[in-house]
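Asker: Structural data only, the sequence is not supplied:
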């Protein structure tokens, strides 16, 4: 008598019993919140990049290169990142 003989078939549960309109509203709110968070992150990153010139030895060219690197690598797939 092992575990296999004691296993019972578990009933399948429904995927979602929530109203479709509630799910649409939830998804829209989630998407809006994600967009606002991306914008806030982008603004914070830009202020950080702008403050790079305060570091000794970092000039406009280096600041531009670092900024360009971050924008190129961290905004892929996000068409609203710069707008």
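Answerer: Nice, I can see it. Because the structure is predicted, anything quoted here is derived from the model rather than measured.
Asker: Quick check: residue 68 vs residue 74, distance?
Answerer: Residue 68 sits 11 Å away from residue 74, going by C-beta to C-beta, to the nearest Å. Quick note: C-beta positions are derived from backbone N, CA and C, even for glycine.
Asker: List the buried residues of the top helix by length along the chain.
Answerer: Looking across the chain with DSSP state H, the single longest helix is helix 20-50. Within helix 20-50, the residues scored as buried using 16 or more other C-beta atoms under 10 Å are 42, 45, 49.
Asker: just how off-centre is it within its chain?
Answerer: Chain-centre distance of helix 20-50: 8 Å, with C-alpha atoms, centre = their mean, to the nearest Å.
Asker: Tell me the helix or strand right after that helix.
Answerer: Proceeding N to C from helix 20-50, the next assigned helix or strand is helix 60-74, under DSSP states H and E.
Asker: and that next one, what's its mean pLDDT?
Answerer: Mean pLDDT, helix 60-74: 85.
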